[in-house]
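S.K.: for reference, the sequence and a predicted model appear below.
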Amino acid sequence: MLDVLQRSGVDVRHAGMEPRQIDVAVVAWRVTQVAAELSVGAELRVLVCDAHGRMLSVVTGRATVSAPSRGARVAELREQALAEAVGAISRSLQSQLARATS
């Protein structure tokens, strides 16, 4: 998650703001096969906390990727689903990390 944020140019260091902490968890995996297609779904939950551990917000992201079941590798589909879920939440996560608290 941190690597994706850094590569996308996220800079949430603002003058006068305390650092933020994030905790990322995979809260759901789904592997399904319908006919000749294999699908893998992932759901992520990111908690954004202030420097004192006080929760500021919760951001979630979901993604599902599919491939023909013949020759599909579940591990590769899981990695793709995670990458897409991270990508789906990166913009909203960036705004939550930069949000000032009072």
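M.R.: Structure's in. What do you need?

S.K.: if I look at the residue lying closest to Thr60 once chain neighbours are set aside, how far off is Val58?
M.R.: Once flanking residues are discounted, Thr60 sits nearest to Arg45: 5.2 Å by C-beta to C-beta, 6 or more residues apart in numbering. (Each C-beta comes from the backbone N, C-alpha and C, glycine too.) Separation of Arg45 from Val58 (C-beta to C-beta, to the nearest Å) stands at 6 Å.

S.K.: more neighbours: which of those two?
M.R.: Counted by other C-beta atoms under 10 Å, Arg45 and Val58 do not tie: Arg45 has more neighbours, with 15 against 11.

S.K.: and the pLDDT for the more buried one?
M.R.: We have a pLDDT of 93 for Arg45.

S.K.: tell me which element it falls in.
M.R.: Assigned by DSSP states H and E, Arg45 belongs to strand 37-49.

S.K.: can you pull the buried residues of the very next helix or strand once past that strand?
M.R.: Using DSSP H and E, the helix or strand that follows strand 37-49 in sequence is strand 55-68. For strand 55-68, the neighbour count (16 or more other C-beta atoms under 10 Å) marks 57, 59, 61-67 as buried.

S.K.: can you give the strand pairings for strand 55-68, parallel or anti for each?
M.R.: Strand pairing for strand 55-68, determined by DSSP bridges: strand 37-49 (antiparallel).

S.K.: buried set for the partner strand?
M.R.: By 16+ other C-beta under 10 Å, the buried positions in strand 37-49 come out as 38-44, 46, 48.

S.K.: assign the residue nearest the centre of the chain to helix, strand or coil.
M.R.: By C-alpha atoms, centre = their mean, the chain has its centre lying nearest to Val86, at 3.1 Å. Per DSSP: H, G, I helix; E, B strand; the rest coil, the local secondary structure of Val86 is helix.
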